[in-house]
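J.: Structure here, sequence nowhere to be found:
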């Protein structure tokens, strides 16, 4: 699995393929395949946490996407999910973390074929994914936001506004925003699909599209240095008449509920103490994006 370029933070990073993607796609390719070669096949039974403690290392599936898991300018693996994993697994007796970058759509297949031990990519928790993996409770919640031209000349603040204005909307490959736009009445064939938010920013700045839909965190980060574009106020998409608030968390193999439960215990302690927010804050998260939602709620 070759490492995809990382999600942008301002103008810094490389292209990204997001945790929000609803695509669960093909098997992982490239560099991480070497890691998976020995692990493909039947999932071993037994106590995974005990095995990880014995090894001293946990393999993290990441999507090369800032601010969740990516390679920084110094060539080091970082991101909110990577840094969180370092803290939690050290407390669980596993001091080493080994990030394995791959395409987002390959994360769940790679996890279930043992190319890594856990998905550490801030992955959105939804019903389809819950049928394939088990999730820890989310470490954050997230609303959507648009990247628009400065001054928001078409006054686009929701998907319904895009429909009313007959605006040209773009979003990323496999993003959940595709389905949110379709739910609002935008024909799927009319949605422009771009590689990542950096491409979205460029398309908005050049006038190729009127709006790029992404998460609030993505939008505010990517426009930070732009003189031609801005991010709209965060909003909750409406699906089937209900506002949709997403939450992202760590994913584990269905056989690893014991490991998930041990991870959850640490996450809950960190939420209660405020340590979780202190880890996420340097990556652009705000207090409004901390959450008490559970994986069970998001899987329902």
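T.: That came in fine, so what should we check first? Source: prediction; values computed, not measured.

J.: what sits against residue 279?
T.: By CB atoms under 8 Å, 6 or more residues apart in numbering, the contact set of residue 279 is 80, 83, 84, 87, 270. Any C-beta I mention is one placed from the backbone N, CA and C, and that applies to glycine too.

J.: Just the closest of those residues to residue 204, please.
T.: If you rank the contacts of residue 279 by distance to residue 204 using CB to CB, residue 80 comes first, at 25.7 Å.

J.: Test my guess that the closest one contacts residue 70.
T.: No. If you go by CB atoms under 8 Å, residue 80 and residue 70 don't touch, sitting 10.1 Å apart.

J.: Settle it for me: which of these two has more neighbours?
T.: residue 70 (31 against 25; other CB atoms under 10 Å).

J.: From residue 224, how far off is the more buried one?
T.: Using CB to CB, to the nearest Å, one gets 16 Å for the distance from residue 70 to residue 224.

J.: biggest helix in the protein by residues?
T.: If you go by DSSP state H, the chain has its longest helix at helix 257-273.

J.: And the contacts of that one?
T.: For helix 257-273, the external contacting residues (CB under 8 Å, 6+ apart) are 47-49, 52, 87-88, 91-92, 117-118, 134-137, 139, 250, 252, 275-276, 279, 290, 292.

J.: Quick one: mean pLDDT for it?
T.: Averaging pLDDT along helix 257-273 gives 97.

J.: Repeat that for stretch 211-228.
T.: Across stretch 211-228, the average pLDDT comes to 94.

J.: and it, how far apart are its ends?
T.: In stretch 211-228, first residue to last residue: 13 Å (CA to CA, to the nearest Å).

J.: picking that back up, just the buried subset of the contacts of helix 257-273, written out for ChimeraX, thanks.
T.: The ChimeraX command for the buried members of the contacts of helix 257-273 (criterion: 16 or more other CB atoms under 10 Å) is given here:
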select :48,49,52,88,92,117,118,134,135,136,137,139,250,252,276,279,290
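
J.: Out of the helices and strands in this structure, which is least certain?
T.: helix 31-37 (a mean of 36; mean pLDDT, DSSP states H and E).
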